[in-house]
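Asks: fold the following and give me the result.
(chains A, B, C and D)
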2 protein chains.
Amino acid sequence: MREPVPIHQIVVEARELFREYGYEGASMRDLADRVGLRPQSLYTRFPSKESLVPAVLALTLDDTLVDLPDPAGDWRAAWRMLIGRIAETFEARGRCVGLHLAYGVTAQTPDARDAVRTFFARLRDAMAGILDAGEVSEPVSVATDTLAQLEGATLWITTEGDMEPLRHAVERALCIGDREGRPL
Amino acid sequence: MREPVPIHQIVVEARELFREYGYEGASMRDLADRVGLRPQSLYTRFPSKESLVPAVLALTLDDTLVDLPDPAGDWRAAWRMLIGRIAETFEARGRCVGLHLAYGVTAQTPDARDAVRTFFARLRDAMAGILDAGEVSEPVSVATDTLAQLEGATLWITTEGDMEPLRHAVERALCIGDREGRPL
DNA sequence: GTCTATAGAATGATAGAC
DNA sequence: GTCTATCATTCTATAGAC
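Replies: Okay, here's the model as predicted:
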């Protein structure tokens, strides 16, 4: 008869495990240890390991997009904050949970795979919406490329601890819209 | 008393598995099935699963760098061929085995981790050497950023099958050196 | 070098008491 | 909602015959 573990805490710890160890490398036992439960008890909260993936990515998308300034006002402020949030997370954690899951989920876990696709599509669309408010040309394409460049920079953080490629990607992102016609 | 399985074939199949399923997700059983052996027989060729990682990455580096034109002659030809090889592999396979391993190996497999670091350092250095022959300024930094951008583009191939971000990354890479002072 | 046999551990998941 | 107990499966790896 003790306090139930908050669902939010389970999802947060699952995110840490997925980011560091990937879908296959993260185990329900490790997750249970982190939140102070027996592995079996996790199944009263989530029906399967796979079901953790949509929860983790929904939380992450929410963390990333919450309380952004209205792009219709100052679109640059919204863009700066969004890029800053993504980059800060990559810098603090050294990698992206979404990318690790994108590579790690297979056709055998279709719900997880769909969740990954939805996560990146929504993040890209949020970015594109801001660029669109700034009348940047081809906002979806530019948003897609920008996210790819930020994600790619995590390679060097993981392997070498080198933050420079990420900072360069951020600089390029923040230049977008400066002079139309050649944003990158 | 049958023909021994060529070591090259084992490494090639291991690469496919690591690329698709990552280090944890690839099993010795799957690898054995692919090459027509019993799982136990793999251990006469490789002492452990971890030891496959250096072999896979050494082969990949070799495949990528073999027979490149001498940058001292036509550095642009060498650069074009190298970028083209990387991009073609990503397009054909949908992802990068090095990136999956970079995210997937942990401190528990230090030899594998070292192999990943070495792999990307050598690939970057090969790229930087070509740019240096072209007298591109800050060749190491530009090579590092370029590789990050190519890797990042695989996110969209994996999740959406979208090749456009990769093609954009290639276009940016091939513009390097066109007008000095702002290669990206 | 490949095989059969097997060990020992870890995995995701279920049943039922409290 | 958490627990104890348990399951079937999968995993990496070793021993020894051929």
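Asks: and stretch A:117-131 with chain B, contact?
Replies: Yes. Counting by CB under 8 Å from any CB of the partner chain, chain B is contacted by stretch A:117-131 at A:117, A:120-121. From N, CA and C alone the C-beta is placed, and that goes for glycine too.
Asks: one more: stretch A:161-173?
Replies: Yes. Using CB under 8 Å from any CB, stretch A:161-173 comes into contact with chain B via A:162, A:164-165, A:168-169, A:172.
Asks: before we move on, what about stretch A:45-62?
Replies: No. Judged by CB under 8 Å from any CB, stretch A:45-62 stays clear of chain B, getting no closer than 11.7 Å.
Asks: residues in contact with that stretch?
Replies: Applying CB atoms under 8 Å, 6 or more residues apart in numbering or on different chains, the contact partners of stretch A:45-62 are A:5, A:7-8, A:10-12, A:14-15, A:18, A:23, A:26, A:28, A:31, A:97-98, A:101, A:105, A:109, A:111-112, A:115-116, A:118-119, A:122-123.
Asks: and for the longest helix seen in chain A, what are the contacting residues?
Replies: Counting residues, the longest helix in chain A under DSSP state H turns out to be helix A:110-133. Outside helix A:110-133, the residues that touch it by CB under 8 Å, 6+ apart are A:23, A:50-51, A:53-54, A:57-58, A:60-61, A:64-65, A:68, A:71-72, A:75, A:78-79, A:82, A:98, A:101-102, A:105-107, A:139-140, A:142-144, A:146-147, A:176-177, B:155-156, B:159-160.
Asks: so how many other residues sit close to residue A:8?
Replies: Counted with other CB atoms under 10 Å in any protein chain shown, residues neighbouring residue A:8 total 10.
Asks: that one: what's it in contact with?
Replies: residue A:59.
Asks: can you tell me which helix or strand it belongs to?
Replies: Taking DSSP states H and E as the criterion, residue A:8 maps to helix A:7-25.
Asks: after that helix, next one along is what?
Replies: helix A:28-35.
Asks: quick check: residues of chain A near DNA strand D?
Replies: Counting by CB under 7 Å from any atom of the strand, chain A comes close to DNA strand D at A:2, A:4-5, A:36-38, A:40-41, A:44-45.
Asks: make it 6 Å
Replies: Within reach of DNA strand D by CB under 6 Å from any atom of the strand, chain A has these residues: A:4-5, A:37-38, A:40-41, A:44-45.
Asks: of those, just the buried ones, PyMOL syntax please.
Replies: One line in PyMOL is enough to select the buried ones among these; burial here means 16 or more other CB atoms under 10 Å in any protein chain shown:
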select buried, chain A and resi 5+37+45
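Asks: most widely separated two among the residues of chain A next to DNA strand D?
Replies: A:4 and A:40 (14.9 Å; CB to CB).
Asks: how close does residue A:165 get to residue A:156?
Replies: 5 Å (CB to CB, to the nearest Å).
Asks: which neighbours do the two share?
Replies: Joint contacts of residue A:165 and residue A:156 (CB under 8 Å, 6+ apart) are B:144, B:148.
Asks: neighbour count for the two, which is higher?
Replies: Between residue A:165 and residue A:156, counted using other CB under 10 Å, residue A:165 has the larger neighbour count: 26 against 22.
Asks: need the per-residue pLDDT for the more buried one.
Replies: At residue A:165, the model reports a pLDDT of 98.
Asks: in which helix or strand does it reside?
Replies: Secondary structure from DSSP H and E places residue A:165 in helix A:164-175.
Asks: CA atoms only: put that helix into CSV for me.
Replies: Provided in CSV are the C-alpha atoms of helix A:164-175 (Å, rounded to 0.1, in the frame of the first residue of the first chain):
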residue,chain,number,x,y,z
GLU,A,164,31.0,22.3,-32.8
PRO,A,165,29.0,20.7,-35.6
LEU,A,166,25.8,21.2,-33.6
ARG,A,167,26.7,24.9,-33.1
HIS,A,168,27.3,25.3,-36.8
ALA,A,169,24.0,23.7,-37.5
VAL,A,170,22.3,26.1,-35.1
GLU,A,171,24.1,29.1,-36.8
ARG,A,172,22.9,28.0,-40.2
ALA,A,173,19.4,27.5,-38.9
LEU,A,174,19.3,31.0,-37.3
CYS,A,175,20.4,32.6,-40.6
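Asks: what lies in contact with it?
Replies: A:79-80, A:83-84, A:87, A:90-91, A:146, A:149-150, A:152-157, A:183-184, B:141, B:144-145, B:148, B:184.
Asks: looking at these, which are in helices?
Replies: Per DSSP H, the contacts of helix A:164-175 map to helices at A:79-80, A:83-84, A:87, A:90-91, A:146, A:149-150, A:152-157, B:141, B:144-145, B:148.
Asks: per-domain residue ranges of chain A.
Replies: As given by automatic domain parsing, the domain ranges for chain A are A:7-45, A:53-174.
Asks: since that was my last question, I'll sign off now.
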